[in-house]
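J.: Sequence and predicted structure are below.
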Amino acid sequence: MPPRSPHTLLPIEVTGMSPVAAPGVRDRLRIAIQKNGRLSEPARALLGSCGLSWRESPDKLFCYGDNAPVDLLLVRDDDIPGLIDSGLCDLGIVGRNVLAEQAAERAGEGRGANFREWRALGFGGCRLSLAVPQGWDWQGPAQLDGRRIATSYPALTRAWLAAAGVQADVVVLSGSVEIAPRLGQADVVCDLVSSGATLAANQLVPVCDLLQSEAVLAGPVADLDPTLAETAQMLLRRIDGVMRIRDSKLLMFQAPRAAVAQVLRLLPDAEPPTSYPMEGEDMLAMQALCHGVVTWQRLEELKRAGARGLMVLPVERMLA
Ligand code: PRT
Ligand code: ZN
């Protein structure tokens with residue numbers, strides 16, 4: 001894809017914090033994140049673990065990156081795909097559900113979307129599920145023919161109904177979807193579910209998942225302008241490093257050469273280990289990045305297999 005042309009600056013009031021750029025050209029990467037909501041704190045925490053820090057504008061809508069050319073725009077999550085689409089922001093952190101809904105909406109109107117998922121980020125997990133009143137004997141989508149489905153995700157719901165060849169009425173609600181069947185507004189719902197407690201409290205049962213969602217890093221379909229692309233690549237490398245070591249530990253130990261195969265069989269979640277021969281002994285000093293929990297029980301099994309001097313260390317940063 002050809003690089004996108006440089007973007008013009010947004011007319012944002014950030015007294016004393018305006019990004020320095022040639023007139024009409026932006027050279028600082030701009031990332032849209034949710035201002036208030038489930039994804040705002042984890043998104044900031046992720047970017048913070050990538051070593052970025054910001055000064056917030058007095059109106060708390062813009063954060064100026066003070067140690068890298070990466071600024072944040074704090075917005076409603078629903079605005080994020082459109083901001084990327086228009087080039088006003090380069091990247092965004094948003095639920096896959098929002099991205100997929102807006103892509104489906106554009107597809108339904110015969111328009112393409114200039115945004116796509118760049119990375120899954122491993123937080124904000126939920127699913128878009130069809131839920132029916134308790135007591136329904138769910139047989140499959142055909143049962144929805146002529147029924148009313150309440151949802152805040154009309155484009156995804158309509159696309160799913162069309163794929164299933166079902167004719168149903170989609171009742172679009174912006175919130176409190178779960179209550180719609182009890183109010184007589186709809187027969188079933190299609191909504192986000194995480195623990196399932198809200199559905200249960202409204203006597204509804206999930207019967208079918210339309211989408212598995214989590215927070216994602218979204219970016220344009222086309223390539224970024226080269227200066228911005230370089231900063232985006234730096235950020236991606238750091239995000240990949242953070243994701244790779246999340247919940248990981250470095251395991252260090254020594255093992256006789258003859259026992260190494262047996263020891264490694266006990267580390268199926270480890271990356272290929274590094275090993276060094278120990279001087280004067282038929283032993284290897286080894287270290288392996290383990291992605292699962294390294295319990296005492298596991299250490300004892302490793303010891304029985306021949307490992308010794310076992311140490312479990314936290315991993316702070318990783319750059320592949
Ligand atoms: O103000 P703004 O528009 O930015 O925020 P919002 O109110 O639209 O979004 P917000 O903050 O509620 O959610 C942001 C994103 O978090 C969503 O787009 C999802 O990607 C993700 N997420 C993860 C969830 C949930 N889990 C979730 N459980 N979003 C909403 N819910 C709601 C769901 O709609 C239902 O009402 O929680 C209820 C169900 O929860 P359980 O645990 O009872 O199943
Ligand atoms: Zn929203």
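T.: In hand now; what should we look at? Note that this is a predicted model, so its numbers are computed, not measured. Ligands and ions are numbered 1, 2, ... in the order given.
J.: CA atoms for contacts and neighbours, from now on please.
T.: Fine.
J.: can you count the residues close to residue 297?
T.: Other residues near residue 297 come to 9 when the count uses other Cα atoms under 10 Å.
J.: Where does it sit: helix, strand or coil?
T.: In three-state terms, and counting by DSSP: H, G, I helix; E, B strand; the rest coil, residue 297 is helix.
J.: for the one 5 residues further on, same thing?
T.: When classified by three-state DSSP, residue 302 comes out as helix.
J.: Ligand 2 contacts on the stretch 51-200 of the chain?
T.: 77, 78 (Cα under 5 Å from the ion).
J.: run the last query once more with 8 Å
T.: 76, 77, 78, 79, 98 (Cα under 8 Å from the ion).
J.: Looking at these, which is nearest residue 255?
T.: Nearest to residue 255, judged by Cα to Cα, of those is residue 98 at 49.9 Å.
J.: Secondary structure of residue 250: a helix, I assume?
T.: No - checked against three-state DSSP, residue 250 lies outside a helix; its state is strand.
J.: so what's the residue of the stretch 201-320 of the chain found nearest ligand 2 bridging to?
T.: Of all residues in the stretch 201-320 of the chain, residue 215 sits closest to ligand 2, at 13.0 Å by Cα to the ion. With DSSP bridges as the criterion, residue 215 is bridged to residue 95.
J.: Spit out the contact partners of residue 127.
T.: Listed by Cα atoms under 8 Å, 6 or more residues apart in numbering, the contact set of residue 127 reads 192, 193, 194, 209, 210, 211, 212, 213.
J.: Kindly report the same for residue 118.
T.: Shown in contact with residue 118 (Cα under 8 Å, 6+ apart): 216, 217, 218, 219.
J.: Drop anything exposed from those.
T.: Among the contacts of residue 118, those classed as buried by 16 or more other Cα atoms under 10 Å are 216, 217, 218, 219.
J.: Name the member of the contacts of residue 118 with the shortest distance to ligand 1.
T.: Nearest to ligand 1 among the contacts of residue 118 is residue 216, at 8.8 Å by Cα to the nearest ligand atom.
J.: Excluding chain neighbours, what is closest to that closest one?
T.: Leaving aside its sequence neighbours, residue 216 sits nearest to residue 120 (Cα to Cα, 6 or more residues apart in numbering; 4.4 Å).
J.: before we move on, back to that, could the contacts of residue 118 be laid out in JSON lines, adding pLDDT?
T.: Below are those laid out as JSON lines (pLDDT from 0 to 100):
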{"residue": "216", "pLDDT": "98"}
{"residue": "217", "pLDDT": "98"}
{"residue": "218", "pLDDT": "98"}
{"residue": "219", "pLDDT": "98"}
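J.: circling back: from the contacts of residue 127, pick out the ones that also neighbour ligand 1.
T.: For ligand 1, the contacts drawn from the contacts of residue 127 by Cα under 6 Å from any ligand atom are 192, 193, 194.
J.: From those residues, list the buried ones, please.
T.: Among these, those that count as buried by neighbour count (16+ other Cα under 10 Å) are 192, 193.
J.: How about residue 102, nearest residue that isn't a chain neighbour?
T.: Distances taken as Cα to Cα, 6+ apart place residue 81 nearest to residue 102, at 7.2 Å, with adjacent residues excluded.
J.: Do a quick rundown of the helices in the protein.
T.: 40-49, 80-85, 96-108, 154-164, 180-183, 197-201, 226-245, 260-265, 296-304 (DSSP state H).
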